[in-house]
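Engineer: using only what follows, build the 3D model:
(chains A, B, C and D)
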There are 2 protein chains.
Amino acid sequence: MVHSTADAGNRQVRPPTLTDRTIEAVREGIRAGTLVPGELYSVYRLADELGVSRSPVREALLRLAETGMVAFERNRGFRVVLPGARELTEIIAVRLALEVPAAERAAVRADAADRAALRTEYEAMQASVTAGDETAFLLHDQRLHTLLLELAGNAHVTRIIENLRDATRLVGASTIRKSRSLEDVYREHRPILDALDRGDAPAAGAAMRSHLESTGRLLLREAVGSGDDIGLMWTDLIE
Amino acid sequence: MVHSTADAGNRQVRPPTLTDRTIEAVREGIRAGTLVPGELYSVYRLADELGVSRSPVREALLRLAETGMVAFERNRGFRVVLPGARELTEIIAVRLALEVPAAERAAVRADAADRAALRTEYEAMQASVTAGDETAFLLHDQRLHTLLLELAGNAHVTRIIENLRDATRLVGASTIRKSRSLEDVYREHRPILDALDRGDAPAAGAAMRSHLESTGRLLLREAVGSGDDIGLMWTDLIE
DNA sequence: TCGCCATGAGTAACATGTTACTACCCTTAT
DNA sequence: ATAAGGGTAGTAACATGTTACTCATGGCGA
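Structural biologist: Residues are numbered from 1 along each chain as shown, chains lettered A, B, ... in the order given. Below is the predicted model of the structure:
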């Protein structure tokens, strides 16, 4: 059984730092709509909104800037960035390259406890679908993917994907609502888990590929700018 | 022709910040042996060695800590970390997953100018071999790989690999000297470039895989701790 | 000789102060 | 009306101050 605490770069047994808590606060603010993409904010204002000094806030935003989630503008402020079609396509390509082999590996390594944990998340997804709670749905979707990655046993891969996910979460949230395909996304995970149960590595990989490509296309369709040629970029980076 | 400036997250046309310069200074310090892995340093000391305040130094080190190059210890200082066998294996696995497809893509997209640029680096590698200059060798090796990645057209992949390389550069430097296989590593690049010239994508991918696996095993042999079972980890994460 | 505890030096993490720069606004001349 | 220009508010980047913690060291008793 792979422990699920996800301590890749491992920080603290001690309480999380203010920087860590600020990172979470920003993520939450974006989820909740308090921080609007494209809008200009400042470390000053955010710092006293959160009731902390500028240092941890600045550090937190710099880390988020590394993943491309926010962008600083010198002497102006920072913005929450939502990724364009190009960036989304690139991210999907990376996820395909890393998560498909991870799924294959997971199929080989999973024991009964792992499979049970995956099922739990899967059922929680189903519950979120019927409840129409897309926030919860995305949360369990993420957890399921993360569990799979941890099963594969490569902490670097887990961290990389986690970072990329951050950059896209924003698009995902607004996308799924519109296309009301929440249930479709849910269904796509079934073949993955079934293959895991059978220990069928190739099938698990194929199912994961199919899932990522499908949701990838979905994301792109929503996030596309008029100038971007999706088909061209897709074949260029993915196929 | 893909432009080689590699501005993925893109910063400034303006002069680089003190933080940026500090990051480079730390990298250089490690290369030059001024900063010894495992030794305990402090932001205080490093700051006035560099003649700047603690803020940019701290920010620089935090960024390097993200990639795993250094590690902070609360109220103690920070250390330059050299990766263990486990981490090296994980990194090799990621490089295989990303750089093999990138080589295939590059084979399709490369034009005459791209191929010429690759040849230039390749010949510079050869020159470094005969000159016995391993620093220069590693530099051109890196440039060649980066060129290939940029050719593939996925800036995220380029950035990810670049970060991983940072974590391993240290091991690579000490490794190659001992095993005096500098020339072997040089030779391994030949089939890649040949395949590129023919526009033969599968061959380019296969050559890249072979190269990464070979140098990967080399790295592991040097960096291994007595308690680590290389073979087990290798099959677990790579094959 | 050995263990224990107080103490102090040194640190990361956090807070606050400073600087140089940018864009915006309002005035004024054309 | 429109353009030019100076002033000002607000900012990131950098510098410095403060706090709470960790660990080594040395004295002191057994």
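
Engineer: so A:Arg79 sits in a helix?
Structural biologist: No. Read with DSSP: H, G, I helix; E, B strand; the rest coil, A:Arg79 is strand and lies in no helix.

Engineer: tell me, how many residues neighbour it?
Structural biologist: Under the neighbour criterion other Cβ atoms under 10 Å in any protein chain shown, A:Arg79 is assigned a count of 17. No exception for glycine: its C-beta is placed from N, CA and C like everyone else's.

Engineer: A:Glu66 now?
Structural biologist: The local packing of A:Glu66 (other Cβ under 10 Å) involves 17 other residues.

Engineer: in this structure it contacts B:Arg63, no?
Structural biologist: Yes. Distance between A:Glu66 and B:Arg63: 6.9 Å, which falls inside the contact criterion (Cβ atoms under 8 Å).

Engineer: domain map for chain A?
Structural biologist: If the domains of chain A are taken from automatic domain parsing, they occupy A:18-80, A:85-237, with pieces of a single domain joined by a plus sign.

Engineer: got the end-to-end distance for the shortest one?
Structural biologist: I take that to be domain A:18-80. Separation of the first and last residues of domain A:18-80 by Cα to Cα, to the nearest Å is 20 Å.

Engineer: that domain close to chain B?
Structural biologist: Yes. Applying Cβ under 8 Å from any Cβ of the partner chain, one finds that domain A:18-80 is in contact with chain B at A:59, A:62-63, A:65-66, A:68, A:74.

Engineer: any idea whether the residue lying farthest from the centre of chain A is helix, strand or coil?
Structural biologist: Distance from the centre of chain A peaks at A:Asn75, with 30.5 Å (Cα atoms, centre = their mean). Local secondary structure at A:Asn75 is given as coil here, using three-state DSSP.

Engineer: tell me the contacts of the residue nearest the centre of chain A?
Structural biologist: Nearest to the geometric centre of chain A sits A:Arg165, at 2.5 Å (Cα atoms, centre = their mean). Contacts were defined as Cβ atoms under 8 Å, 6 or more residues apart in numbering or on different chains; by that measure A:Arg165 touches A:142, A:145.

Engineer: if you set the cut-off to 10 Å instead, what comes out?
Structural biologist: Residues near A:Arg165 by Cβ atoms under 10 Å, 6 or more residues apart in numbering or on different chains: A:67, A:91, A:95, A:138, A:141-142, A:145-146, A:172.

Engineer: now do the closest residue in space to A:Glu73 that isn't next to it in sequence against DNA strand D, distance only.
Structural biologist: In this structure, A:Glu73 finds its nearest non-sequential neighbour in A:Arg79, 7.1 Å apart by Cβ to Cβ, 6 or more residues apart in numbering or on different chains. Distance of A:Arg79 to DNA strand D, computed by Cβ to the nearest atom of the strand, to the nearest Å: 9 Å.

Engineer: A:Arg79 pairs with what?
Structural biologist: Applying DSSP bridges to A:Arg79 gives these bridge partners: A:Leu40, A:Ala71.

Engineer: per-residue pLDDT, it?
Structural biologist: Looking at A:Arg79, its pLDDT is 95.

Engineer: that one and chain B: what is the separation?
Structural biologist: In this structure, A:Arg79 lies at 14 Å from chain B, with Cβ to the nearest Cβ, to the nearest Å as the measure.

Engineer: could you find the closest non-adjacent residue to whichever residue of chain A sits closest to DNA strand D?
Structural biologist: Closest to DNA strand D within chain A is A:Ser42: 3.2 Å, counting by Cβ to the nearest atom of the strand. Leaving aside its sequence neighbours, A:Ser42 sits nearest to A:Gly77 (Cβ to Cβ, 6+ apart; 4.5 Å).

Engineer: dump the residue contacts of the one you found.
Structural biologist: For A:Gly77, the contacting residues are A:39-46, A:71, by Cβ under 10 Å, 6+ apart.

Engineer: among the domains of chain A, show the one with the smallest mean pLDDT.
Structural biologist: Considering the domains of chain A one by one, the lowest average pLDDT is found for domain A:85-237, at a mean of 90.

Engineer: quote the end-to-end distance of it.
Structural biologist: The first and final residues of domain A:85-237 sit 12 Å from each other (Cα to Cα).

Engineer: quick one: that domain to chain centroid distance?
Structural biologist: Between the centre of domain A:85-237 and the centre of its host chain there is 8 Å, according to Cα atoms, centre = their mean, to the nearest Å.
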